[in-house]
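*Asks:* my questions concern the predicted model and sequence given below.
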Amino acid sequence: MTTRIDTRFAELKKAGRSAFVTFLMAGDPDPATSLEIIKALPKSGADVIEIGMPFTDPMADGPSIQAAGLRALKAGMTLKKTLDLVRGFRKDDNTTPIVLMGYYNPIYIYGVDKFLVDAKSAGIDGLIIVDLPPEEDDELCLPAMKAGLNFIRLATPTTDDKRLPAVLANTSGFVYYVSITGITGAAAADSTAVGEAVARIKRHTKLPVCVGFGIRTPETARSIASHANGAVVGTALVDALKNSLDADGHATGKTVNAVAELTAALAQGVKGAQQAAE
Amino acid sequence: MNVVKPNSYRSGPDERGHFGIFGGRFVAETLMPLILDLEKAYTEAKADPAFQAEMNGYLKNYVGRPSPLYFAERLTEHLGGAKIYLKREELNHTGSHKVNNVLGQIMLARRMGKKRIIAETGAGQHGVATATLCARFGLDCVVYMGAVDVERQQPNVIRMEMLGAKVVPVQSGTRTLKDAMNEALRDWVTNVHDTFYCIGTVAGPHPYPTLVRDFQAIIGNETKAQMQEVEGRLPDSLVACIGGGSNAMGLFHPFLDDSTVEIFGVEAAGHGLTQLHAASIAGGRPGVLHGNRTYLLMDADGQIQDAHSISAGLDYPGIGPEHSWLHEIGRVNYLSATDDEALAAFQLLSKLEGIIPALEPAHAIAKVMELAPKRTKDHLMVVNLSGRGDKDVPQVGDILRGKSK
């Protein structure tokens, strides 16, 4: 089965460039503004869109994304509304891949089977679930594959050569390399080290490898993208969004543009990179 | 060592860390290799007589074990039913049962060559025990504690700092134990190369619920031998308070296959089960948080809800996965006690026995006050007095003065 993710990476390969992957939290700062922001992303140069599913206890996230999740929850966001958000996006865009990223509990409580049916019909292409390592593949990874959704696994600096095959076994769509041991929004990784890590992963898989955690500027995006099939930016976009809010944390007239402008600048950075050697 | 007959109640978890549907390893990939290493190190240590011998030496001469099994004569007379024994875990060095587990984990950390120890703490008892053993073995120690708990458990914060630990007040979320655990996990993900996470209760990803249980099982094993010595038989019932549930699991586990022993766990009902509380089994359902599937307090969307208890050590919206399993199969009966009931028990035990309990085991005493009068005088009831109340004296003093005004 070919998903929008597979199609998009095949197109980018043909065009000889890396993907720019954005992350923003669903419902941040409110459901309506969130939809406007997500709609603006492809026009600003996002190739793949990751959407965070808000959770009260995001144990792999730094302060920015924690706060984004709490803003969304405060604005009444739920997993069901996150699916509605994607449905809204799909009305105008049937090609940009959408990946939901978050933690397992809200999906478990929604009901795995029902969630997979609803996610597929809403137009979601892949899932990144931080707290589901390969040891727990029965929970969601295998059912998701059966339902035709990509299950995108995180590989980290602690994932050694012995463990990589297990991590990659049921991965599809792309591999998300977490460039540092740490939480989102932490310091950037050294691009040489990232290049070596990506090369190591590529010895084990033909899947595209995207790199995230710690990329904040067009320059870093460019240098990381030159070593990988994609660069993921989350915290910097979430911070741009937050800085556009009023004192009560509500959206202003600047909010959508603030995210769109940074997206465009980062996309320029990625597009300036040489595609990684295959 | 006596060989215990294999029995379904004591054979868990399976090789993937499951107790029935509960438990598991729900952690970020960064931590997974370390958790597998820990499991391997623990399996090897368990089989190494030198490890056991060294630990037994510290348990005897540093912790002060065995802890006494004390017949609470005046409490028994007052309640007029079952004969009540207190397992005196509050007499351990550092003032609670927490030290049993910390000693085991610190010895494992040393075996694994880790130099930096992190821990989460609610009431501060686990933090104090961790800071103590890090001082003893010359290890760096960082303790994460919710900012709310830092306020209400000042004596323990000061103790930890005196012992050389760094106490980090956690400002995220509800600023209590669950947020301290989130922050400890974030530290661990960041410093995975040199850091050992010393979890304070029978929760978290496999193998933590198992190894913490095993290190705490000394409570039940001693109780069994001591009761045999004084009464010549098994107790008829066991009572212990439950936040994550390590003191309870330590007492219960050795008795799970003794079918004549009734077992009661006591959760914190806070302001009452229809209001803010911390009783995950009474008021929650199975979900996934902090590395394991277990009973959790949450809303319809799977978002974790705020727990509330007067006792910082019980103020957690989850419970150890083995307790969830023991609840589902019906081996252990889970009850709950409110803040007010715990306060009454705190005062009763202080006045009748000259023992000021921590607010956590005061919840267990509160249920003993209900259970004991309904039992005959030859019924032997053991309650785990898991910690002493010194840390709670300022807080309870304020509450009682406020009430008497």
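*Replies:* Structure's in. What do you need?

*Asks:* after the helix or strand where B:Met32 lies, next one along is what?
*Replies:* Following DSSP states H and E, the helix or strand that holds B:Met32 is helix B:32-46. Downstream of helix B:32-46, the next assigned helix or strand under DSSP H and E is helix B:49-58.

*Asks:* need the contact list for B:Val27.
*Replies:* A:Asp131, A:Pro133, B:Ile35, B:Leu185, B:Pro205, B:Gly291 (Cβ atoms under 8 Å, 6 or more residues apart in numbering or on different chains). Every C-beta, even on glycine, is put in place using the N, C-alpha and C of the backbone.

*Asks:* could you redo the last one with a cut-off of 10 Å?
*Replies:* A:59-60, A:130-133, A:135-136, B:34-35, B:185, B:188-189, B:204-206, B:290-292 (Cβ atoms under 10 Å, 6 or more residues apart in numbering or on different chains).

*Asks:* coming back round to it: any buried residues in the helix holding B:Met32, and which?
*Replies:* Buried positions in helix B:32-46, judged by neighbour count with 16 or more other Cβ atoms under 10 Å in any protein chain shown: B:Met32, B:Pro33, B:Leu34, B:Ile35, B:Leu36, B:Leu38, B:Glu39, B:Ala41, B:Tyr42, B:Ala45.

*Asks:* before we move on, what about stretch B:222-231?
*Replies:* B:Glu222, B:Thr223, B:Lys224, B:Gln226, B:Met227, B:Glu231.

*Asks:* what about those residues, which are in helices?
*Replies:* In helices, judged by DSSP state H, the following of the buried residues of stretch B:222-231 are found: B:Glu222, B:Thr223, B:Lys224, B:Gln226, B:Met227, B:Glu231.

*Asks:* neighbours of the closest residue to A:Cys210 other than its chain neighbours, how many?
*Replies:* Leaving aside its chain neighbours, A:Cys210 sits nearest to A:Gly230 (3.4 Å; criterion: Cβ to Cβ, 6 or more residues apart in numbering or on different chains). A:Gly230 is flanked by 27 other residues according to other Cβ atoms under 10 Å in any protein chain shown.

*Asks:* now swap in A:Thr192 and tell me
*Replies:* 10.

*Asks:* which residues are in contact with it?
*Replies:* Contacts of A:Thr192 (Cβ under 10 Å, 6+ apart): A:Ser223, A:His227.

*Asks:* so after the strand or helix carrying it, what's the next helix or strand?
*Replies:* For A:Thr192, the element it lies in under DSSP H and E is helix A:191-202. On the C-terminal side of helix A:191-202, the closest following helix or strand by DSSP H and E is strand A:209-212.

*Asks:* could you point out which element follows that next one?
*Replies:* Heading C-terminal from strand A:209-212 (DSSP H and E), you reach helix A:218-225.

*Asks:* and that following helix, how far from the chain's centre?
*Replies:* Distance of helix A:218-225 from the chain centroid (Cα atoms, centre = their mean, to the nearest Å) equals 17 Å.

*Asks:* need the mean per-residue confidence for the next helix or strand after it.
*Replies:* Tracing the chain C-terminally past helix A:218-225 and defining elements by DSSP H and E, one meets strand A:230-233 next. For strand A:230-233, mean pLDDT rounds to 96.

*Asks:* ok, B:Thr132 - contacts?
*Replies:* Contacts of B:Thr132 (Cβ under 10 Å, 6+ apart): B:62-63, B:93-94, B:98-99, B:102-103, B:106, B:141, B:159-160, B:163-165.

*Asks:* ok, for A:Leu168, nearest residue in space, not its chain neighbours?
*Replies:* Distances taken as Cβ to Cβ, 6+ apart put A:Thr205 closest to A:Leu168, at 4.9 Å, once the chain neighbours are dropped.

*Asks:* neighbours around the one you found, how many?
*Replies:* 17.

*Asks:* check what pLDDT B:Tyr197 gets.
*Replies:* 98.

*Asks:* partner residues bridging it?
*Replies:* B:Ile118 (DSSP bridges).

*Asks:* from A:Phe89, how far out is it?
*Replies:* Remark: distance between B:Tyr197 and A:Phe89 (Cβ to Cβ, to the nearest Å) = 39 Å.

*Asks:* one more: A:Ala260?
*Replies:* 15 Å.

*Asks:* cool, and A:Thr171?
*Replies:* Counting by Cβ to Cβ, the gap from A:Thr171 to A:Phe89 is 25 Å.

*Asks:* next one: A:Thr159
*Replies:* From A:Thr159 to A:Phe89 the distance is 32 Å (Cβ to Cβ).

*Asks:* please apply the same query to B:Ala82.
*Replies:* For B:Ala82, the distance to A:Phe89 - Cβ to Cβ - is 64 Å.

*Asks:* the closest residue to chain A within the stretch 301-405 of chain B - how many residues pack around it?
*Replies:* Minimum separation of the stretch 301-405 of chain B from chain A (Cβ to the nearest Cβ) falls at B:Gly302, amounting to 3.2 Å. B:Gly302 is flanked by 23 other residues according to other Cβ under 10 Å.

*Asks:* check B:Glu54 too.
*Replies:* 15.

*Asks:* so where do the strands sit in the stretch 1-150 of chain A?
*Replies:* A:19-25, A:48-52, A:98-102, A:126-129, A:150-151 (DSSP state E, counting those that start in this stretch).

*Asks:* now these in CSV, with mean pLDDT?
*Replies:* Shown next, in CSV, are these (pLDDT from 0 to 100):
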stretch, mean pLDDT
strand A:19-25, 98
strand A:48-52, 98
strand A:98-102, 98
strand A:126-129, 98
strand A:150-151, 98
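
*Asks:* would you mind finding the most buried of those strands?
*Replies:* strand A:19-25 (a mean of 27; mean count of other Cβ atoms under 10 Å in any protein chain shown).

*Asks:* any part of that one near chain B?
*Replies:* No: residues of strand A:19-25 contacting chain B under Cβ under 10 Å from any Cβ of the partner chain: none, with a closest distance of 13.8 Å.

*Asks:* residue contacts, A:Lys271?
*Replies:* Per Cβ under 10 Å, 6+ apart, neighbours of A:Lys271: A:Ala15, A:Arg17, A:Ser18, A:Phe20, A:Gly45, A:Asp47, A:Pro218, A:Ala221, A:Arg222, A:Ala225.

*Asks:* what residues does the stretch 251-400 of chain B have near chain A?
*Replies:* B:285-291, B:293, B:296, B:298-306, B:317.

*Asks:* give me the distance between the closest residue to B:His323 other than its chain neighbours and A:Tyr104.
*Replies:* Once flanking residues are discounted, B:His323 sits nearest to B:Gly245: 4.7 Å by Cβ to Cβ, 6+ apart. Distance, B:Gly245 to A:Tyr104, by Cβ to Cβ: 22 Å.

*Asks:* cool, A:Val259 as well?
*Replies:* 27 Å.

*Asks:* for A:Cys141, give me its contacts.
*Replies:* A:127, A:129, A:132-134, A:149, A:151-153, A:169-172.

*Asks:* adding distance to chain B, write those out as TSV.
*Replies:* Shown next, in TSV, are these (distance: Cβ to the nearest Cβ, whole Å):
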residue	distance to chain B
A:Leu127	14
A:Ile129	9
A:Leu132	7
A:Pro133	5
A:Pro134	8
A:Leu149	19
A:Phe151	13
A:Ile152	12
A:Arg153	7
A:Ala169	13
A:Asn170	13
A:Thr171	11
A:Ser172	16
